[in-house]
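Undergrad: show me the folded form of this:
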Amino acid sequence: MKRGSIKNIGPGIITGGAGDDPAGILTYTIVGATTGFSQLWLMLLSTPMMIAVQDTAAKLALITGKSLPEILSRYYSKKLTYFIVLSLAVANILTIGADLEAIATIFEIITGIKSIYLLIPITVLIAYLVIFKAYKTVKKVLIFLTIFLAVYIISAILAKPDLKQLLVNTFIPDIKPDLVFILAALGLLGTTISPYMIFWQASEEKEEQATVSQAKIMEADTAVGMIYSNIIAYAIIVSSAVMLFGHKEIHTIADAALALKPVSGEYAFLLFSIGVIVSGFLAIPVLAGSTAYAVADTFGWREGMDNKVSDAKGFYFVFLGSLFVGDLINLFGVPTVDALYYSQIFDGMLLPILSGLLFVLGNNKKILGNYTNRKFNNIFLIITFVVSSIATIYMFYSLIKG
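TA: Residues are numbered from 1 along each chain as shown. As a prediction, this is how the structure comes out:
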């Protein structure tokens, strides 16, 4: 790969890494703790689904030079854009609140300082990085943070899973039609193919100002990022299944730390702490940033991390506002694990709408001309729509019935 090409690597890898945020870590931990290895096949299936979704979103931005809200507003309906962006903002802010609390809780356990006193310093540090540093600097920091997520792969190896059972559950679907399984599946899909990841990568491809000739680089960047993200997620599920399935329920962040406990027990909390802190500092700027980009593009405001605050007031107001509201959520005393888990289920409920929209947009010749979706993307966008729709409908059916 040419030197100039390497500089264009980033949005896909950052997006993939951000998908394994504290909300994702807790969701995958709960999936393993409540369903064992039985959803590993869904983790495998979700990888091409994730690539198809992210690749379509990135390509739309690359070809048109516009973000998803701009495309929706121009070719479809403003009302539809408002609904999608509002849903995105709600899902993102819920997740920001849960992620901030998760990081603060880890620091509380380490330092003994109440988490409520740590929220503001953590928020200020994240805001400083984005507001006072150029996009290229932010990008380098985020890429650097993704490397540390490999601690979960180490943890899965140390957990010493049964390899035969692992392979069987990875390649042979094991579907249990009960509410616990469906909620876990919807949470898994919601955190694996999160709405904010879709909007963030599209906005970053626009920020990169890449050309159509760089489409192959974008595809490779996206594929590598999504595969890396799902390897980490797979490792978390394996670890939690070995350590927690059938033995312990998860009520706190400390309980979740046991999912990463090696047989010796020495480095369990260290691994967990590194993962949660790093993933939080990686994901929260992406969550707040994707919200700010989406809102700014919906209303035609100037946006972008290379702009000064005075030049993009609306963009930075939404960015900071998302962080601030995320802090306020924690004052209501919602249990961290519940907030993390159910925010991801909400993301899963949005997935049928977003995957359906991407299928329509990705095959619209007025928008993409000769660059409409390949068969791979279309097949897995349809699978994403069908699987997430069935899970959502069955969840509501089970809740109403029971």
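Undergrad: for Val53, which non-adjacent residue is closest in space?
TA: Nearest non-adjacent residue to Val53, counting by C-beta to C-beta, 6 or more residues apart in numbering: Ile193, 5.4 Å away. The C-beta positions use only the backbone N, C-alpha and C, and glycine is treated the same way.
Undergrad: repeat that for Asp21.
TA: Per C-beta to C-beta, 6+ apart, closest to Asp21 is Ala283, 3.1 Å.
Undergrad: so the one you found is in which element?
TA: Element membership for Ala283 (DSSP states H and E) is helix 268-299.
Undergrad: if we can go back for a sec, gap between the residue nearest to Asp21 and Tyr117?
TA: Plainly put, Ala283 is 22 Å away from Tyr117 if you go by C-beta to C-beta, to the nearest Å.
Undergrad: Asn92 is in contact with the residue nearest to Asp21, correct?
TA: No - Ala283 is beyond contact range of Asn92, at 10.2 Å (criterion: C-beta atoms under 8 Å).
Undergrad: and the helices in the stretch 201-350 of the chain, which stretches?
TA: Ranges of helices in the stretch 201-350 of the chain, per DSSP state H, counting those that start in this stretch, are 215-244, 253-257, 268-299, 313-329, 336-362.
Undergrad: can I get those helices in JSON lines with distance to Leu166 and mean pLDDT?
TA: Output for the helices of the stretch 201-350 of the chain, formatted as JSON lines (distance: least, C-beta to C-beta, whole Å; pLDDT from 0 to 100):
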{"stretch": "helix 215-244", "distance to Leu166": "7", "mean pLDDT": "81"}
{"stretch": "helix 253-257", "distance to Leu166": "21", "mean pLDDT": "66"}
{"stretch": "helix 268-299", "distance to Leu166": "20", "mean pLDDT": "83"}
{"stretch": "helix 313-329", "distance to Leu166": "36", "mean pLDDT": "90"}
{"stretch": "helix 336-362", "distance to Leu166": "24", "mean pLDDT": "80"}
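Undergrad: related to what we said a few turns ago, between Ala283 and Tyr117, which has more neighbouring residues?
TA: Ala283 (30 against 12; other C-beta atoms under 10 Å).
Undergrad: give me the residue ranges of this protein where confidence is low.
TA: Filtered on pLDDT under 70, the chain yields the residue ranges 1-20, 133-143, 145, 205-218, 246-255, 257-269, 333-341, 402.
Undergrad: and the helix of greatest length in it, what does it pack against?
TA: Secondary structure of the chain per DSSP state H: the longest helix is helix 78-111. Counting contacts by 3 or more C-beta pairs under 8 Å, 6 or more residues apart in numbering; DSSP states H and E, helix 78-111 packs against helix 22-35, helix 68-75, helix 119-132, helix 195-208, helix 253-257, helix 268-299, helix 313-329, helix 336-362.
Undergrad: relative to helix 268-299, how tilted is the fourth one?
TA: Spelled out, that is helix 195-208. 60 degrees (axes from the mean of the first three to the mean of the last three C-alpha atoms, to 10 degrees).
Undergrad: may I have helix 195-208 as PDB, with CA atoms only?
TA: The C-alpha trace of helix 195-208 is given here as PDB (Å, rounded to 0.1, in the frame of the first residue of the first chain):
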ATOM      1  CA  PRO A 195     -26.600   3.600  14.600                       C
ATOM      2  CA  TYR A 196     -23.900   6.000  15.700                       C
ATOM      3  CA  MET A 197     -21.300   3.900  13.900                       C
ATOM      4  CA  ILE A 198     -23.200   4.200  10.700                       C
ATOM      5  CA  PHE A 199     -23.500   8.000  10.900                       C
ATOM      6  CA  TRP A 200     -20.000   8.500  12.300                       C
ATOM      7  CA  GLN A 201     -18.200   6.700   9.500                       C
ATOM      8  CA  ALA A 202     -20.200   8.400   6.800                       C
ATOM      9  CA  SER A 203     -19.300  11.800   8.400                       C
ATOM     10  CA  GLU A 204     -15.700  10.900   8.700                       C
ATOM     11  CA  GLU A 205     -15.400   9.800   5.100                       C
ATOM     12  CA  LYS A 206     -16.800  13.200   4.200                       C
ATOM     13  CA  GLU A 207     -14.300  14.800   6.600                       C
ATOM     14  CA  GLU A 208     -11.400  12.900   5.000                       C
END
